[in-house]
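K.L.:
Give the three-dimensional model of this entry:
(one chain, ligands or ions: 1)
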Amino acid sequence: MAKGEIFMSIGPTKFALQELKMKMPDGREITLWFDGSGKVTRDNGTFDEPVANAFSLVQVVDCPFATPTCRSICYVHILEANEREVHDKYILNSRTIRVILSNSLYIMATANAFAKYVNENCRGGFRWHVSGDIFSWIYACFIRLICLETPNVRHWIYTRSYDYVAPLVGLPNLVVNLSADKDNLSRAIVTAYRFGLRICYLTVDGLVPDDLPAGSVIFPNHSLRGRELPRPTDAPWWQSITPEQRRMVCPADFFGQSPNIRCGPCRKCLK
Ligand code: SF4
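P.N.:
All right, here's what the predicted structure looks like:
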């Protein structure tokens with residue numbers, strides 16, 4: 001475990017935090033925080049001892065294209081209430097990344113230190129934004145820069161910021177997933193076909209569109225999941241969808257997370 005790493009848990013989910021202290025060319029000290037969890041750690045750690053392999057911001061505040069649907073049920077609201085220490089780091093990152101992006105010398109110094117951390121600690125995969133989204137074009141270019149400087153690391157991202165995805169398309173080590181729901185589906189489909197990207201569809205009311213492109217992933221809201229039932233597949237929502245749609249469902253969300261049901265063993269969003 002790297003020095004300074006912190007573990008916490010909400011139910012079965014364990015979290016990790018790791019700070020990155022950097023000195024800017026003018027001598028200013030700046031700190032960013034990496035986070036992680038048993039669900040997303042992939043091969044960097046284990047379900048019970050995750051490594052911080054993500055960079056996150058603040059939910060909704062840093063999501064310029066958040067929809068009424070995703071705003072209303074965002075899972076980070078629960079994390080904010082239960083794990084203040086993790087969420088406080090998202091707030092710090094949100095402020096600090098804007099300071100960095102306002103100064104080209106800071107951007108280059110940060111990119112070098114950020115990429116060094118990813119190359120040394122996240123060879124098993126790097127997740128952008130357990131919380132938050134791409135909030136500007138220049139931030140999209142920063143993400144592109146990190147991917148270019150870490151060519152042996154597989155990155156993945158979910159975004160509703162379709163207007164900012166162009167700098168991220170075509171990178172061989174970044175998988176871009178378009179987050180969608182009933183409020184933005186038509187824009188998601190246009191963007192998916194334009195750039196050849198996957199749609200990750202959130203359903204809150206249980207309805208799933210018939211025209212989701214092949215390869216899409218379905219994320220059911222809490223009330224639709226079967227993880228609390230003796231037989232999860234008895235859940236009324238599961239019974240209401242087609243066999244093809246069942247194969248598209250995120251197993252970690254529907255069945256619950258475990259060492260074998262998480263990102264990594266499941267590759268629906270990662271290829
Ligand atoms: S579908 Fe698989 S890869 Fe995607 S979020 Fe769920 S567990 Fe992770």
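
K.L.:
for the ligand, what are the nearby residues on the chain?
P.N.:
For the chain, the residues in contact with the ligand (CB under 6 Å from any ligand atom) are V217, C250, P251, A252, R262, C263, C266, R267, K268, C269, L270. For every residue, glycine as well, the C-beta is placed using N, CA and C.

K.L.:
Which among those residues count as buried?
P.N.:
Taking 16 or more other CB atoms under 10 Å as the criterion, what is buried in the residues of the chain next to the ligand is V217, C250, P251, A252, R262, C263, K268, C269.

K.L.:
Show me what the spatially closest residue to K268 that is not a sequence neighbour is bridged to.
P.N.:
The spatial neighbour of K268 that comes closest, neighbours along the chain excluded (CB to CB, 6 or more residues apart in numbering), is V217 at 4.9 Å. Bridge pairing for V217 (DSSP bridges) gives the partners C200.

K.L.:
my guess is V217 meets C269, correct?
P.N.:
Yes: counting by CB atoms under 8 Å, V217 touches C269, with 5.6 Å between them.

K.L.:
what do the two both touch?
P.N.:
N177, R198, C200, C250 (CB atoms under 8 Å, 6 or more residues apart in numbering).

K.L.:
In the residues you listed, find the pair that's most separated.
P.N.:
The largest separation in those, counting by CB to CB, is between R198 and C250 at 12.3 Å.

K.L.:
What average pLDDT does stretch 67-83 get?
P.N.:
Average pLDDT, stretch 67-83: 91.

K.L.:
same question, stretch 243-255
P.N.:
pLDDT averaged over stretch 243-255 gives 95.

K.L.:
go on, stretch 128-140?
P.N.:
98.

K.L.:
so of the shared contacts of V217 and C269, which ones are in strands?
P.N.:
If you go by DSSP state E, these have N177, R198, C200 in strands.

K.L.:
Now do the same contact list for L171.
P.N.:
R144, C147, L148, H155.

K.L.:
which of the buried ones among the residues of the chain next to the ligand sit farthest apart?
P.N.:
Top of the distance list for those (CB to CB): V217 and R262, 14.1 Å.

K.L.:
Torsion angles phi and psi at V86?
P.N.:
The phi and psi values for V86, taken as degrees, to the nearest 10, are phi -70, psi -50.

K.L.:
Not including adjacent chain positions, what is the nearest residue to it?
P.N.:
Nearest residue to V86, sequence neighbours excluded (CB to CB, 6+ apart): F15, at 5.5 Å.

K.L.:
Hmm, F34 and the one you found touching each other?
P.N.:
No: counting by CB under 8 Å, F15 stays clear of F34, with 11.2 Å between them.

K.L.:
top of the ones in strands among the shared contacts of V217 and C269 by neighbour count?
P.N.:
Using other CB atoms under 10 Å as the neighbour criterion, C200 leads those with 23 neighbours.

K.L.:
Next one: that residue relative to F219, how far apart?
P.N.:
In this view, C200 and F219 are 6 Å apart by CB to CB, to the nearest Å.

K.L.:
Give me the distance from stretch 239-254 to the chain's centre.
P.N.:
Computed by CA atoms, centre = their mean, to the nearest Å, the chain-centroid distance of stretch 239-254 equals 20 Å.

K.L.:
Show the end-to-end separation of that stretch, please.
P.N.:
From its first residue to its last, stretch 239-254 covers 13 Å (CA to CA, to the nearest Å).

K.L.:
and if you look at stretch 42-60?
P.N.:
End to end - CA to CA - stretch 42-60 spans 26 Å.

K.L.:
Give me the mean pLDDT for that stretch.
P.N.:
The pLDDT scores in stretch 42-60 average 96.
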